[in-house]
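*Asks:* need a structure here:
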Amino acid sequence: MSESFLLVRPYYGVNVHSDAHGEFGTVLTGNEVYPDLPLISAATVLAGSEDHEVTVIDAESDKLPPDELLAKIIGTPVDKIIIKTSAATIKCDIELIRKIKESSPSRYIMIAGQAAKPVSIWLASHTDIDEIIDEPLDLYIYRYVNGREGTIDDLPTPDYTLADYRKYITEEGDIRLSVQASRGCMMGCKYCPYTQFYKAYETRSIDKVIEDLKTFESLGAKIVQFRDQFFTYDKKRVQDLCKRMIKEGINIKWTCETRLDSIDEETAELMKKAGLFMVLFGVETGDKDIIKEYNSNKGDLTFQKDTVRMLKDKGLLTMGFYIIGFPEDTWDSLQNTYQYAKDIDSNIAVFNEYMNFDTSGIEDPSPDIYCSFSNTTNTYGTSILTRDEIRYAIGVFRENYTLEHDCLKKAYEFDHVLMAKYQAKVSELLSCGNDLGEISRIIREG
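*Replies:* You can find the predicted model right below:
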């Protein structure tokens, strides 16, 4: 008899890019929906096994309120349930699991995602969760099914038809799927969550990546996001991949995230010909002392400016990421970071609040280390600036950068109206605590 699994990504009123940030997840302010690649890959492994059956419920893409999700889970007879969690939703996920257990005490329930790892001891002693998966879900399932360890190269092409992939869309309505040519990063930046979860840098063969892309193209995908943390680490390999994409006639636009000091003009030109339209890169801070403290040297300002200018000259969009609110940050260092962002002059600059996932000094950390529906944590420790001061700076930087690099209308619509709507929704959701009924009401009321 086959063993049956139900893989679930819940939804609580805000979109979460749940496999971003090392699978801690990132809350999105807009309406875009990204797939959870490890969840889909795990489901694909199960679907390809003669001894297993799998059902996927992606409540986020379906905008399924938690009370309706709960009823659907309870009404689906399976042997094991896996809830994919995130830092922003784990408290609600715990309540969802409690209600499932309350209705069906014998259900075997597992929780996956890096957010569960730091609080695994607390979860084991304070909840009825049967198993905490403290590694990437796809590789856990691969070992479970095959009885041996695997790498991302052992995983089959993700079968997005196991979910309603047509809802993984951009703001413009184009289907956007995720693919991975490599996973992990070896740079060792102290704030990076990826190295905590992905223990080794590993690659997927070019043949398999091409097979993945061809499959996604046949599904109607217009855009692909490479989920590699350091896409151009091996430039020769990237060049070979791009040549194959061109030779195979793959007609998909794609984005990648990488380091500016790993892109030369030849590689950029080849990537553009293969369909690249946007390069995302981390800068983090303009303060040299903070860069040194966090082992995050990514090239000097002149080099970064020249590389961004080169990419833009080739017609590529550029997006730089900056961290605001390092414990060492002062008003002056924040001002320097904003000036640094202006000097680099990427098309888009994203200013994120510092997130400290280091729980080594906390005895038996609980889910209270996470802030619900927010891209930050409660593990700040000692900081020079207050959280209110940091968030003020982020808001000012975001609006000013949009105004200076785009137009007043976009600054108003995106950085003011959209952010105000998001903040109002989050405030309303937070007032519900973990009351899934009230959260469901808010979702239905729009």
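*Asks:* what ranges does the stretch 301-446 of the chain have for its strands?
*Replies:* Remark: strands assigned in the stretch 301-446 of the chain by DSSP state E, counting those that start in this stretch are 317-324, 348-353.
*Asks:* same question, the stretch 101-250 of the chain
*Replies:* Under DSSP E, counting those that start in this stretch, the stretch 101-250 of the chain gives strands at 108-112, 131-133, 176-179, 182-183, 202-203, 223-226.
*Asks:* dump these into JSON lines; add mean neighbour count, mean pLDDT and distance to E428 as well.
*Replies:* C-beta coordinates here come from the backbone N, C-alpha and C atoms, glycine included. Rendered in JSON lines, the data for the strands of the stretch 101-250 of the chain read as follows (neighbours: other CB atoms under 10 Å; pLDDT from 0 to 100; distance: least, CB to CB, whole Å):
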{"stretch": "strand 108-112", "mean neighbour count": "22", "mean pLDDT": "98", "distance to E428": "26"}
{"stretch": "strand 131-133", "mean neighbour count": "19", "mean pLDDT": "98", "distance to E428": "30"}
{"stretch": "strand 176-179", "mean neighbour count": "24", "mean pLDDT": "98", "distance to E428": "28"}
{"stretch": "strand 182-183", "mean neighbour count": "24", "mean pLDDT": "94", "distance to E428": "36"}
{"stretch": "strand 202-203", "mean neighbour count": "18", "mean pLDDT": "95", "distance to E428": "42"}
{"stretch": "strand 223-226", "mean neighbour count": "22", "mean pLDDT": "98", "distance to E428": "30"}
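*Asks:* who's R183 bridged to?
*Replies:* Following DSSP bridges, R183 is listed with bridge partners E202.
*Asks:* that one: what's it in contact with?
*Replies:* I152, Y198, Y201, E202, R227, D228, Q229 (CB atoms under 8 Å, 6 or more residues apart in numbering).
*Asks:* one more time with 7 Å
*Replies:* R183 makes contact with I152, Y198, E202, D228, according to CB atoms under 7 Å, 6 or more residues apart in numbering.
*Asks:* nearest to V238, of these?
*Replies:* The shortest approach to V238 among these belongs to D228, at 9.5 Å (CB to CB).
*Asks:* looking at this structure, which helix or strand is least sure?
*Replies:* Among the helices and strands of the chain, helix 194-197 carries the lowest confidence by mean pLDDT, DSSP states H and E, at a mean of 75.
*Asks:* from the chain's centre, how far out does it sit?
*Replies:* The chain centre lies 13 Å from the centre of helix 194-197; the measure is CA atoms, centre = their mean, to the nearest Å.
*Asks:* dump it to CSV, keeping only the CA atoms.
*Replies:* Listed next in CSV are the C-alpha coordinates belonging to helix 194-197 (Å, rounded to 0.1, in the frame of the first residue of the first chain):
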residue,chain,number,x,y,z
TYR,A,194,21.8,30.6,3.6
THR,A,195,25.0,29.1,5.0
GLN,A,196,23.0,28.1,8.1
PHE,A,197,20.7,25.9,6.1
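*Asks:* how about it: buried residues?
*Replies:* Buried residues in helix 194-197, counting neighbours by 16 or more other CB atoms under 10 Å, are found at Y194, T195, F197.
*Asks:* and for stretch 195-212?
*Replies:* Those would be T195, F197, Y198, Y201, E202, T203, R204, I206, K208, V209, I210, D212, for stretch 195-212 by 16+ other CB under 10 Å.
*Asks:* what comes into contact with that stretch?
*Replies:* Under CB under 7 Å, 6+ apart, the answer for stretch 195-212 is 22-23, 114, 136, 151-153, 157-158, 179-186, 188, 240-241, 244-245, 248, 357.
*Asks:* same list (the strands of the stretch 101-250 of the chain) but as JSON lines, adding distance to Y338.
*Replies:* Below are the strands of the stretch 101-250 of the chain laid out as JSON lines (distance: least, CB to CB, whole Å):
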{"stretch": "strand 108-112", "distance to Y338": "37"}
{"stretch": "strand 131-133", "distance to Y338": "40"}
{"stretch": "strand 176-179", "distance to Y338": "30"}
{"stretch": "strand 182-183", "distance to Y338": "32"}
{"stretch": "strand 202-203", "distance to Y338": "36"}
{"stretch": "strand 223-226", "distance to Y338": "27"}
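*Asks:* those strands: which one's closest to T89?
*Replies:* Once those are compared by CB to CB, strand 108-112 is nearest, at 11.1 Å.
*Asks:* P327 is in contact with L385, isn't it?
*Replies:* No - P327 is not in contact with L385 according to CB atoms under 7 Å; the separation is 9.0 Å.
*Asks:* ok, those two, which is more surrounded?
*Replies:* Set P327 next to L385 and count neighbours by other CB atoms under 10 Å: L385 wins out with 21 against 14.
*Asks:* show me the helices in the stretch 1-150 of the chain, by range?
*Replies:* 37-47, 59-62, 66-74, 90-103, 120-126, 137-146 (DSSP state H, counting those that start in this stretch).
*Asks:* tell me which residues of the fifth one come out buried.
*Replies:* Counting neighbours by 16+ other CB under 10 Å, one finds that the buried residues in helix 120-126 are W122, L123.
*Asks:* ok, stretch 63-83 next?
*Replies:* Neighbour-count burial for stretch 63-83, counted by 16+ other CB under 10 Å, picks out 64-70, 72-73, 78, 80-83.
*Asks:* and these, which two are furthest apart?
*Replies:* Across the buried residues of stretch 63-83 (CB to CB), the longest gap, 23.8 Å, separates P65 and K80.
*Asks:* so who does Q180 touch?
*Replies:* Q180 is in contact with L37, I152, R204, F226, R227, D228, counting by CB under 7 Å, 6+ apart.
*Asks:* report the beta-bridge partners for the residue nearest to the fourth one when sequence neighbours are not counted.
*Replies:* What sits nearest to F226 in space, not counting adjacent residues and going by CB to CB, 6 or more residues apart in numbering, is C256, at 4.3 Å. Here C256 sits in beta bridges with V279, going by DSSP bridges.
*Asks:* pretty sure C256 sits against Y233.
*Replies:* No - with contact defined as CB under 7 Å, C256 and Y233 do not form a contacting pair (11.1 Å).
*Asks:* and S41, what does it touch?
*Replies:* D138, L155, P158.
*Asks:* from S103, how far off is the second one?
*Replies:* When CB to CB, to the nearest Å is applied, the distance between L155 and S103 equals 34 Å.
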